[in-house]
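take this sequence and fold it.
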Amino acid sequence: MRRRQLLGGLGVAAAGVALGQRAVQAQGRPILLPPRLRAGDTVGIISPAGATFERDRLDLVIDAVKALGFVPRVAPHALARYGYLAGTDAERAADVNAMFADPAVKALLPIRGDWGSARILPYLNYDLIRANPKVVIGFSDISALLLGLYAQTGLVTFHGPHGLTAWRDDQVEPLRRILINGEMLTYTNPLLGGDQDRLMRDQGRIQTMTPGRATGPLLGGNLSVISGIVGSPYMPDTTGAILFLEDVGEAPYSIDRMLTQLKLAGVLDGLAGFVFGQCTGCGPGEGYGSLTLSDILQDHIKPLGIPAYAGAWIGHIEPLWTLPIGGSVTMDATVGSLQMQAPAVS
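Next up is the predicted model:
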């Protein structure tokens, strides 16, 4: 997975009346909602994965946290380096554990992704985390942390912005509505500028593979990262779930290989629904003989016979949707929507 500059847009609408949280469980544990955020809360800035090589990158994140109305608290090893990692596995894990142990800290925000979150999963104190539920948000490599926390504790986490995303209004507003107001949102692809006066949509189209609606806990994240934790105790049980996947900079054969791995490991068995987001820079190369991304999804997902669509506005694009990992959602593969069924914070 190659990380790239974020691009794109988002369409978000408020969901209707709550239908009630389903009795969703993570690895046999009841789900655990983090307390909602309030203005003036302390947000811990962490580096669980790749190193931050320039101090001004951290300063940008500090400025963003302040502009959101929160108080930043920088982890001791936020600027540490161990090669391409932000310190050793023990140091990065210690920062996460310390933020959960600190009663003043209400949320954890990674500076960036890159690689390394999966390496710290065995070193986290899950009893401590379970006893002190907090908002954890991020995407890309942070998918491993989000899924690992949910699998081990039942804590609902959030696939959304990390510190170095753009933090424009169309990204900030839905985050506030979910994490501060406790609202339920419905996500559909944005109507991009070039299509606003067209009779048909050209950009941000979805492709329905199998029409229909399904409800279940939302699980997913970056395909490359998820394929790396399959078979471990940090991969949640996907039975009855809505699985979403995205990636960046991967050749079609690589997407094929990773989806095959998920299929052989049983991750696709028993899904209630499937959503594929954006795969930026994942087109076939020059010459002939390559399968397309559409071909690969048809091969692996269509035979499942479950509601499924591709092209959701999820991925290494901008703005980033804030999606509740472990929260109950209803997907509609015909129109291309994800609707939260209950608040994701307490």
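
report the central residue of this structure.
Centrality entry for the chain: nearest residue to the mean C-alpha point is H159, 2.5 Å, by C-alpha atoms, centre = their mean.

any idea how far it lies from R177?
16 Å (C-beta to C-beta, to the nearest Å). To be clear about C-beta, it is placed using only N, CA and C from the backbone, and glycine gets the same treatment.

same check on M340?
10 Å.

name the residue in those two with the higher neighbour count.
Per other C-beta atoms under 10 Å, whichever of M340 and R177 has more neighbours is M340, with 24 against 16.

show me the contacts for that one.
For M340, the contact set (C-beta atoms under 8 Å, 6 or more residues apart in numbering) comprises A15, I178, M184, L185, T186, P324, G327, S328, V329.

please apply the same query to D89.
G116, R119, I120, Y123.

which residue is the nearest non-sequential neighbour of it?
Nearest non-adjacent residue to D89, counting by C-beta to C-beta, 6 or more residues apart in numbering: R119, 4.8 Å away.

how far does the strand or helix carrying the one you found sit from its chain's centre?
Assigned by DSSP states H and E, R119 belongs to helix 117-120. Taking C-alpha atoms, centre = their mean, to the nearest Å, the mean C-alpha location of helix 117-120 is offset from the chain mean by 16 Å.

before we move on, back to that, who's the residue nearest to the centre of the chain bridged to?
The partner list for H159 in beta bridges (DSSP bridges) reads G138, L323.

before we move on, what about T210?
Beta-bridge partners, per DSSP bridges, of T210: A308.

can you tell me which strand in this protein is longest?
With secondary structure taken from DSSP state E, the chain has its longest strand at strand 213-222.

could I have the CA atoms of that one written out in CSV?
What follows is strand 213-222, C-alpha atoms only, in CSV (Å, rounded to 0.1, in the frame of the first residue of the first chain):
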residue,chain,number,x,y,z
ARG,A,213,-30.2,-3.9,1.7
ALA,A,214,-28.4,-5.4,4.7
THR,A,215,-27.9,-4.4,8.3
GLY,A,216,-25.0,-5.4,10.6
PRO,A,217,-21.9,-4.2,12.4
LEU,A,218,-19.7,-2.1,10.1
LEU,A,219,-16.1,-3.6,9.9
GLY,A,220,-13.3,-2.8,7.5
GLY,A,221,-10.6,-0.5,6.4
ASN,A,222,-7.5,-0.7,4.3
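
which parts of the stretch 101-250 of the chain are strands?
With DSSP state E, counting those that start in this stretch applied, the stretch 101-250 of the chain shows strands at 105-110, 135-138, 157-159, 185-188, 207-210, 213-222, 242-248, listed in chain order.

ok, N132 touching F100?
Yes: N132 is within contact range of F100, at 4.9 Å (criterion: C-beta atoms under 8 Å).

these two: which is more packed in?
Per other C-beta under 10 Å, whichever of N132 and F100 has more neighbours is F100, with 23 against 16.

mind listing what that one touches?
L108, N125, L128, I129, N132, K134.

can you list those residues in CSV and add pLDDT?
Formatted as CSV, the contacts of F100 follow (pLDDT from 0 to 100):
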residue, pLDDT
L108, 99
N125, 99
L128, 99
I129, 99
N132, 99
K134, 99
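
turn the strands of the stretch 101-250 of the chain into JSON lines, columns for distance to S346.
Conversion of these to JSON lines gives the following (distance: least, C-beta to C-beta, whole Å):
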{"stretch": "strand 105-110", "distance to S346": "12"}
{"stretch": "strand 135-138", "distance to S346": "11"}
{"stretch": "strand 157-159", "distance to S346": "14"}
{"stretch": "strand 185-188", "distance to S346": "17"}
{"stretch": "strand 207-210", "distance to S346": "35"}
{"stretch": "strand 213-222", "distance to S346": "17"}
{"stretch": "strand 242-248", "distance to S346": "22"}
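
where in the stretch 101-250 of the chain is pLDDT low?
For the stretch 101-250 of the chain, applying pLDDT under 70 flags the ranges 197, 199-202.

how about a cut-off of 90?
For the stretch 101-250 of the chain, the stretches with pLDDT under 90 are 189-205.

now do R168: how many residues are near it, please.
The burial count for R168: 12, using other C-beta under 10 Å.

re the thing from before, I'd like to know which of the contacts of F100 are buried.
Applying 16 or more other C-beta atoms under 10 Å to the contacts of F100, the neighbour count classes L108, N125, I129, N132, K134 as buried.

got a markdown table for these, with distance to P72 too?
As requested, the buried ones among the contacts of F100 are exported to a markdown table (distance: C-beta to C-beta, whole Å):
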| residue | distance to P72 |
| --- | --- |
| L108 | 12 |
| N125 | 23 |
| I129 | 21 |
| N132 | 19 |
| K134 | 15 |
